[in-house]
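Trainee: what's the 3D shape of this:
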Amino acid sequence: MRGSTDERIAENPSRQTRIEKNLVLRSTILDAVRQFFRQNGFLEVETPIRLTAPAPEPHIDAVESGNHYLQASPELHMKRLLCAGYDKIFQICKCFRQRERGTLHLPEFTMLEWYTTGVDYGFLMDQVEKLICFVSEKTLGRQQVPYRNTTIDLACPWKKIRTEDAFTLYADMDMKSAVASDMFEEKLAFEIEPRLDRSRPVFLHDYPLEYTPLAKSAPDDPEAAQRFELYLAGLEICNGYGELTDANTQRMRFESELSSKRANGRRVSPMPERFLDDMSEMPEASGCALGLDRLVMILADAETIDDVVAFVPEDDEPVSRQGKALYTC
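Mentor: Numbers count the residues shown, from 1 in each chain. Below is the predicted model of the structure:
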């Protein structure tokens, strides 16, 4: 691009021009992510974005695309690659979810997802630490990240809190009561997340199994899942599992979720039979999904997710002859 950023902002103060520095940083972050995984022996893969049958998951309704569905995550096809013998794979791809729009959400967003065979979710948490520290060092040259009037210290090790303990510390009811009253996610979002340490990364782990249909049970608690989420400055960044490997258990969980959707009048997608067939070859593995747009937000010290993507949904809306949008999201 010609001319300085300041000159172009003065001449053409478009959103894309104003966020040029963030888009340059975004490109550098993507390069660093790929460098990290290649240095650690991972293969970058691509899998279909349009699916005949998505994973039935709580609170996620797949976006229809003709007689297919747009992926909410590349999980099923990536696990099929694990079943085919691949042991360390990663992917950067577009994902889609309905009713996702706000300062931290986009209906079309960029996901980093990776899987490693033969490791547990504790190993994966350590790997997340190494990844983000590597990316911060490569892009910012430091481990102290300024974000929204807070400085996040990435020095390892990072804090780990059992989700049940987080409810005891920060919520007005215990975790089991929150699950029983269908208020788990509400309490997590409005009472726990705002009270997490903003100056240090925090892992919450061992989530209720009801909210994690694709994960194994925790070794010391059959009602908890081998699942963790990472928070930076109170913002959820990634979601990792110790992966379920038993096809019969997986089918029962999917059937339960589809039955729940039917009972609540929600659209029901087909059962992912090809995935379940391949699960007979599923190895022990752990996997993680990381929202790259949010990670860029943190490293760019951006106020909203719109500040780190070249286009947002409203940029493609019809406009009137006066140049104003005919409708808004």
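
Trainee: ok, now which ones touch F184?
Mentor: Taking C-beta atoms under 8 Å, 6 or more residues apart in numbering, we find F184 in contact with M175, A178, P208, Y211. The C-beta positions use only the backbone N, C-alpha and C, and glycine is treated the same way.

Trainee: closest to E255 among the residues you listed?
Mentor: Distance to E255, by C-beta to C-beta, is smallest for Y211 among the contacts of F184, at 16.7 Å.

Trainee: relative to V179, how far out is that closest one?
Mentor: 8 Å (C-beta to C-beta, to the nearest Å).

Trainee: for the two, indicate the residue with more neighbours.
Mentor: V179 (20 against 17; other C-beta atoms under 10 Å).

Trainee: go through the contacts of F184 and give me the one with the most neighbours.
Mentor: Greatest neighbour count in these, by other C-beta under 10 Å, goes to M175: 24 neighbours.

Trainee: bridging residues for the residue nearest to F123 when sequence neighbours are not counted?
Mentor: Distance criterion C-beta to C-beta, 6 or more residues apart in numbering; nearest residue to F123, sequence neighbours excluded, is S286 at 6.7 Å. For S286, the beta-bridge partners under DSSP bridges are T116, G242.

Trainee: check R8 and give its pLDDT.
Mentor: pLDDT recorded at R8 is 50.

Trainee: then the one 5 residues further on?
Mentor: Among the per-residue scores, P13 shows a pLDDT of 68.

Trainee: what's the answer for E314, then?
Mentor: Value for E314, per-residue pLDDT: 84.

Trainee: just give me the neighbour total for it.
Mentor: 13.

Trainee: three-state assignment of it?
Mentor: helix (DSSP: H, G, I helix; E, B strand; the rest coil).

Trainee: distance of it relative to G234?
Mentor: From E314 across to G234, the span is 26 Å (C-beta to C-beta).

Trainee: surely E255 is within a helix?
Mentor: Yes - assessed by three-state DSSP, E255 belongs to a helix.

Trainee: go through stretch 261-271 and flag the buried ones.
Mentor: K261, S269 (16 or more other C-beta atoms under 10 Å).

Trainee: contacts for it?
Mentor: Outside stretch 261-271, the residues that reach it (C-beta under 8 Å, 6+ apart) are T52, A53, P54, P56, D61, A62, Y69, R251, F254, E255, L258.

Trainee: so of these, which ones are in helices?
Mentor: Secondary structure of these is defined by DSSP state H; positions in helices are R251, F254, E255, L258.

Trainee: so which of these wins on neighbours?
Mentor: Going by other C-beta under 10 Å, F254 tops the ones in helices among the contacts of stretch 261-271 with 20 neighbours.

Trainee: who's in contact with the residue nearest to it when sequence neighbours are not counted?
Mentor: Nearest non-adjacent residue to F254, counting by C-beta to C-beta, 6+ apart: P56, 4.8 Å away. The neighbours of P56, taking C-beta under 8 Å, 6+ apart as the test, are P213, F254, E257, L258, K261, V268, S269, M271, P272.

Trainee: same check, this time on L43
Mentor: L43 neighbours (C-beta under 8 Å, 6+ apart): Y86, K88, I89, F90.

Trainee: quick one: the first one from L292, how far?
Mentor: Going back to what we said before, that points to Y86. Taken as C-beta to C-beta, the span from Y86 to L292 is 22 Å.

Trainee: looking at those two now, which is surrounded by more residues?
Mentor: Using other C-beta under 10 Å, the more surrounded residue of Y86 and L292 is L292, with 21 against 17.

Trainee: all good on my end, thank you.
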